[in-house]
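Peer 1: Task: produce atomic coordinates for the following.
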Amino acid sequence: MEKLVVAEALEVAQLHRRVLSDVNFSIEKGEFVFLIGKNGSGKSSLMKTLYADLPVTHGKVIVADIAIQGIKRSKVPFLRRKLGIVFQDFQLFQDRTVSENLSFVLKATGWKENSKIKNRIAETLMRVGLGSVDSKLPYQLSGGEQQRVVIARALLNDPLLLIADEPTGNLDPEVALGIFKLFREINKGGTAVLMATHNYRFIHDYPARVLKCEEGHLLDSLTQASIVPTL
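Peer 2: Next up is the predicted model:
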């Protein structure tokens, strides 16, 4: 299988404080991987390192054939076109419609023809189960609907890897399950998914590989099955 992410002897640091040491793992194209660990254990910092929001100080990491260590700022947008990033707190422009939020991303990544932008937005919203919200403002949507818009935003450029940081953390259980199943469907379509979660029910009901941040290290269920949490 083709490796989409490769990290070797990687050190993850936040505000000059080392969070994770000697991180070694890879993610294959089309793989689904859970990322778990206590708050402050390094999950978000690891994800930010993968999409070059935090610099690589030691070791190396390659994402979608792009070396992250020493990456020039001018190359970061090119990297992020290959990734989809889903945040827990949505980060939508509250004064712009759903369509305007998505159009902003497409234009920022090089799309120019309005007709193609409109069609891409329509088909992506349909893909996440939202057919008629394009003219609404974010505050007019439920939390689950807003998260689906965020997922649509992440899918606009057909990413190779979807990085999701606690995407269901602020949602009630039924809505959270619907969002999680959407990630599973996206993964079945060929997009790799790295999803940070505290919801061990997902891991129990839908088994997949697990990475765990613990005491400054990254553990992998491929080599340490005991890290998978029990209910």
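Peer 1: For the rest of this, base every contact and every neighbour count on C-alpha atoms.
Peer 2: Noted.
Peer 1: for Gly59, helix, strand, or coil?
Peer 2: strand (DSSP: H, G, I helix; E, B strand; the rest coil).
Peer 1: Thought Val6 was touching it, still the case?
Peer 2: No: counting by C-alpha atoms under 8 Å, Gly59 does not reach Val6; the two are 11.0 Å apart.
Peer 1: Scan this structure for its longest helix.
Peer 2: helix 173-188 (DSSP state H).
Peer 1: what's that one packed up against?
Peer 2: When contacts are defined as 3 or more C-alpha pairs under 8 Å, 6 or more residues apart in numbering; DSSP states H and E, helix 173-188 packs onto helix 143-155.
Peer 1: Work out for me the element Leu106 sits within.
Peer 2: Element membership for Leu106 (DSSP states H and E) is helix 98-108.
Peer 1: and the next helix or strand after that helix, how far from the chain's centre?
Peer 2: Tracing the chain past helix 98-108, the next element assigned as helix or strand by DSSP H and E is helix 114-127. With C-alpha atoms, centre = their mean, to the nearest Å as the basis, helix 114-127 stands 21 Å off its chain's centre.
Peer 1: List the contacts of helix 114-127.
Peer 2: Identification of contacts with helix 114-127 by C-alpha atoms under 8 Å, 6 or more residues apart in numbering yields 99, 102-103, 106, 111, 131, 134, 149, 152, 155-156.
Peer 1: The residue nearest the centre of the chain in helix, strand or coil?
Peer 2: Centroid-nearest residue in the chain: Ile163, 1.5 Å away (criterion: C-alpha atoms, centre = their mean). Secondary structure, three-state DSSP: Ile163 is strand.
Peer 1: if we can go back for a sec, skip ahead from the longest helix of the chain and say which helix or strand is next.
Peer 2: strand 192-196.
Peer 1: any idea how far the residue nearest to Val133 when sequence neighbours are not counted is from Ile121?
Peer 2: Residue nearest to Val133 in three dimensions, not counting chain neighbours: Val98, with 6.7 Å by C-alpha to C-alpha, 6 or more residues apart in numbering. Here the criterion is C-alpha to C-alpha, to the nearest Å. By it, Val98 lies 9 Å from Ile121.
Peer 1: any idea how far the lowest-mean-pLDDT helix or strand in the chain is from the chain center?
Peer 2: When each helix and strand of the chain is scored by mean pLDDT, DSSP states H and E, helix 76-80 comes last, with a mean of 89. Helix 76-80 sits 14 Å away from the centroid of its parent chain (C-alpha atoms, centre = their mean).
Peer 1: circling back to that earlier point, for ChimeraX, write the selection for the buried entries among the contacts of helix 114-127.
Peer 2: To isolate the buried ones among the contacts of helix 114-127 in ChimeraX, judged by 16 or more other C-alpha atoms under 10 Å, type:
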select :99,102,103,106,134,149,152,155,156
